[in-house]
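[1] Fold the following.
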Amino acid sequence: MRPLVVRSPLARSLDRALLAILGAGLVLIGVETALLPWGEPGASVLLLFPVVCLAYLGAGIRAWYRRPSNRLGPVILFGGVAVWLSSLQATAVPGLVDVGTIGATLILAVLVHLLHAFPSGRLPGPVSVTTVAAAYVTSLVLQAPKYLFDPNVRAQALFVADDPIALALGAGFQSLVGAAVMVATAVVLVGRLIRADVAGRRVLAPLFAYGVGAALFIPVSTLVLTPVFGLSVEARALLQLLVLGGVPLVFLVGMLRGGFARTGELEELGTWLGASDGTRPALTLALSRALGDPSLTLTFWVTRQRIFVDDHGVPVVPGSGPDRGLVLIELEGRTVGAIDYDCQLIADPDLVRTAGQVIAIAVDRERLTAELRESHSALQRSRERLVDAEDRERRRIAQDLHDGLQMQLVLLALEAQQLANAAGTDTASRSRATELRRRIDAAAADLRRTVAAVMPAALIEHGLAAAVEDLADRMPIPTALELRIDEIPPSSALESTAYFVTAEALTNAVKHAQASSASVRLTSNDGWLRIEVCDDGVGGANPGHGRGLRGMTDRIDVLGGHLRIASEPGHGTRIEAALPCA
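    Residues are numbered from 1 along each chain as shown. Prediction:
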């Protein structure tokens, strides 16, 4: 029993698109067949029009299906459209005759396009782009004098005036530009043949010869063969259609033939490797475009930890899906990366393997960058764990001090007060007991301040807003407070960092800046918690001096935030911090 083949979503989407194109093409060919004048003499030749259109339709869909990333399939399909437009000249519908007359020689431009675009489907350089553009202008624009100034044209709606001179000049100029296009095409193709290896020449030489011959045969058969050999219109049309019908088949065979079929995809990767760093896209994107698989991912091997990571240094497991293929990329016998691809979209793993060999050196370079990112990510995670551990330890110490030593001091204060109030106690003992109670109360107050500095109870029990309000209330100088932090998620590291940044800034305002007033503003929007603390002190704060400011900077940096301090001497201090809430 054969296993069930499950097409991926991308492959199914391509299947549906190609089926829609096939259906539309068959409908157009059916309309063409119905409109052709079958009752007129020589009508049997017209049968070749739908046959040739079917050849282009079938070859184009087959090429597109086999090589989704290659644009040659769509160009072949466009050739079928050009032949279909040309056939409209033979119909009896005036409007369609006009359209067919305008596009009568469009197929010649498509042939030039196919020659320049083979095998990748993309025009390789400015010379090819210019030549192909000139071919389309020659076929569509320079064709105009032949129906504007010819009184014998079938499309009488397009006829403007009987002007033999304009007709002759227009036809001559079109022939001159067309000849220049073919010369430029020949030069480009000869250059490709010279650069190709032996295996490549075996495919390119006959294909280029047939393509150029077909493009030349259409005008030559009209201008030379017909008057010289006395060919009838039916015989000439028969020969032209037979030659045009072979074009899609020749290009399809050349495109899919053996290892040469991969040349188009590899040409794109070669172009990527030759581009400057500032103009080329990311390696994964270039590989995805070249192979025609938008879901393709490129991973990099980290030798030290023996794991694969993505572009950002995040560990991944490539090739884990049921319809995913995996090809390892090796350089000098060592694994440097892997390509995870949709094996339904790319049926040939050798194509992926060859592409991996082309980019192996670039992958190795990117691998070092990814390895560095992974190390940085590991360091960042380690720093975050240290911050979390510090906060947990602060909470534990604060809780122990509150539940242990502070409670003992409260009990000792009560005992001292009982001694002072006991009956029969002399005045000196009562005074000493009262003084002891006072000193115990002072020690308890110092302990509460220490606990609040380590991890305030308000922060633990009620959150950031309540803790900052309590901090502002306890300040010895007037402190304005603005809180708009309803959107922040609950996070001990975020809340504790925001609190200690605020506390450190206010402490510095009192102890060092000699400020007479301060203001605190905490807001949250766009995924960021922003803290602003201002004072009217002497200024001159330097983040490089003092453990408090340095610790504040380090803690903010760990969470991926940033800190800015503006403190000109004599103009107070403004501390602004931003912390990501995500």
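[2] What does the pLDDT read for residue 266?
    Residue 266 is assigned a predicted lDDT (pLDDT) of 54.
[3] same check, this time on the one 4 residues further on
    At residue 270 the predicted local distance difference test score is 54.
[4] what do you get for residue 374?
    63.
[5] same question, the one 10 residues further on
    According to the model's per-residue confidence, residue 384 sits at a pLDDT of 66.
[6] Phi first, then psi, for residue 313.
    phi 80, psi 10 (degrees, to the nearest 10).
[7] my bad, should have said residue 230
    Torsion angles, degrees, to the nearest 10, at residue 230: phi 70, psi 40.
[8] need the contact list for the closest residue in space to residue 419 that isn't next to it in sequence.
    Leaving aside its chain neighbours, residue 419 sits nearest to residue 433 (4.0 Å; criterion: CB to CB, 6 or more residues apart in numbering). To be clear about C-beta, it is placed using only N, CA and C from the backbone, and glycine gets the same treatment. Contact analysis of residue 433 by CB atoms under 8 Å, 6 or more residues apart in numbering lists 416, 417, 419, 420, 425.
[9] Any quick ChimeraX command for the buried ones out of the residues you listed?
    A single ChimeraX command suffices to select whichever of these are buried according to 16 or more other CB atoms under 10 Å:
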select :416,417,419,420
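[10] Filter the contacts of residue 433 down to the ones in helices?
    416, 417, 419, 420 (DSSP state H).
[11] check contacts around the third one.
    Contacts here follow CB under 8 Å, 6+ apart; on that basis residue 419 touches 425, 429, 430, 433, 436.
[12] Kindly reformat the residues you listed as JSON lines containing secondary structure.
    What follows is the contacts of residue 419, written out as JSON lines (DSSP: H, G, I helix; E, B strand; the rest coil):
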{"residue": "425", "secondary structure": "coil"}
{"residue": "429", "secondary structure": "helix"}
{"residue": "430", "secondary structure": "helix"}
{"residue": "433", "secondary structure": "helix"}
{"residue": "436", "secondary structure": "helix"}
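[13] and which of these is nearest residue 105?
    For the contacts of residue 419, the residue nearest residue 105 by CB to CB is residue 436; the value is 113.2 Å.
[14] can you pull the pLDDT of the closest one?
    So, for residue 436, pLDDT stands at 82.
[15] hang on, isn't it packed against residue 414?
    No. Assessed by CB atoms under 8 Å, residue 436 is found out of contact with residue 414, at 11.6 Å.
[16] So these two - more neighbours on which side?
    Shown here are residue 436 and residue 414; by other CB atoms under 10 Å, residue 436 has more neighbours (17 against 12).
[17] quick one, what contacts that one?
    416, 419.
[18] could you check the distance from it over to residue 422?
    To residue 422, residue 436 is 13 Å away according to CB to CB, to the nearest Å.
[19] How is this protein partitioned into domains?
    Listed by automatic domain parsing, the domain ranges of the chain are 9-256, 274-379, 390-454, 462-580.
[20] in stretch 178-191, what counts as buried?
    Result for stretch 178-191 [16+ other CB under 10 Å]: buried residues 178, 181, 182, 184, 185, 188, 189.
[21] Need these in a markdown table (columns: distance to residue 503 and secondary structure).
    Output for these, formatted as a markdown table (distance: CB to CB, whole Å; DSSP: H, G, I helix; E, B strand; the rest coil):
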| residue | distance to residue 503 | secondary structure |
| --- | --- | --- |
| 178 | 82 | helix |
| 181 | 78 | helix |
| 182 | 81 | helix |
| 184 | 76 | helix |
| 185 | 77 | helix |
| 188 | 73 | helix |
| 189 | 76 | helix |
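[22] Residue 365: which of the residues you listed is nearest?
    residue 188 (33.0 Å).
[23] where's the closest one relative to residue 82, distance?
    21 Å.
[24] What pLDDT does the model give the residue nearest to residue 419?
    80.
[25] Check residue 42 too.
    65.
[26] again, but for residue 21
    At residue 21, the pLDDT recorded in the model is 92.
[27] Please confirm that it is located within a helix.
    Yes. Assessed with three-state DSSP, residue 21 lies in a helix.
[28] Give the full set of residues in contact with the residue positioned nearest the centre of the chain.
    Central residue of the chain (CA atoms, centre = their mean): residue 285, 6.4 Å from the mean position. Listed by CB under 8 Å, 6+ apart, the contact set of residue 285 is empty.
[29] same question, the one 3 residues further on
    Taking CB under 8 Å, 6+ apart as the definition of contact, the neighbours of residue 288 are 294, 295, 296.
[30] Using a markdown table, lay out those residues together with neighbour count.
    Shown next, in a markdown table, are the contacts of residue 288 (neighbours: other CB atoms under 10 Å):
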| residue | neighbour count |
| --- | --- |
| 294 | 13 |
| 295 | 15 |
| 296 | 23 |
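[31] Out of the residues you listed, which sit inside strands?
    When the contacts of residue 288 are checked against strands using DSSP state E, none is located there.
[32] Relative to residue 68, which of these is nearest.
    Nearest to residue 68 among those, with distances taken as CB to CB, is residue 294, at 10.0 Å.
[33] Could you say which helix or strand holds the spatially closest residue to the closest one that is not a sequence neighbour?
    The shortest distance from residue 294 to any non-neighbouring residue, by CB to CB, 6+ apart, is to residue 288 (5.9 Å). Using DSSP states H and E, residue 288 maps to helix 283-291.
[34] Going by neighbour count, list what's buried in that helix.
    Buried residues in helix 283-291 (16+ other CB under 10 Å): 283, 284, 286, 287, 288, 289, 290, 291.
[35] In CSV, list the C-alpha atoms belonging to it.
    C-alpha atoms of helix 283-291 as CSV (Å, rounded to 0.1, in the frame of the first residue of the first chain):
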residue,chain,number,x,y,z
LEU,A,283,21.3,34.9,4.0
THR,A,284,18.2,33.0,5.0
LEU,A,285,16.0,35.3,2.9
ALA,A,286,18.3,34.9,-0.1
LEU,A,287,18.3,31.1,0.2
SER,A,288,14.5,31.1,0.7
ARG,A,289,14.0,33.2,-2.5
ALA,A,290,16.5,31.1,-4.5
LEU,A,291,14.9,27.8,-3.6
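[36] What average pLDDT does the next helix-or-strand element following that helix get?
    Downstream of helix 283-291, the next assigned helix or strand under DSSP H and E is strand 297-302. Here strand 297-302 scores 84 as its mean pLDDT.
[37] What strands line up against strand 297-302, and which way round?
    Strand 297-302 has its sheet partners listed here by DSSP bridges as strand 307-309 (antiparallel), strand 334-342 (antiparallel).
[38] Lowest mean pLDDT across those strands, which one is that?
    Looking at those, the weakest mean confidence is strand 307-309, a mean of 84.
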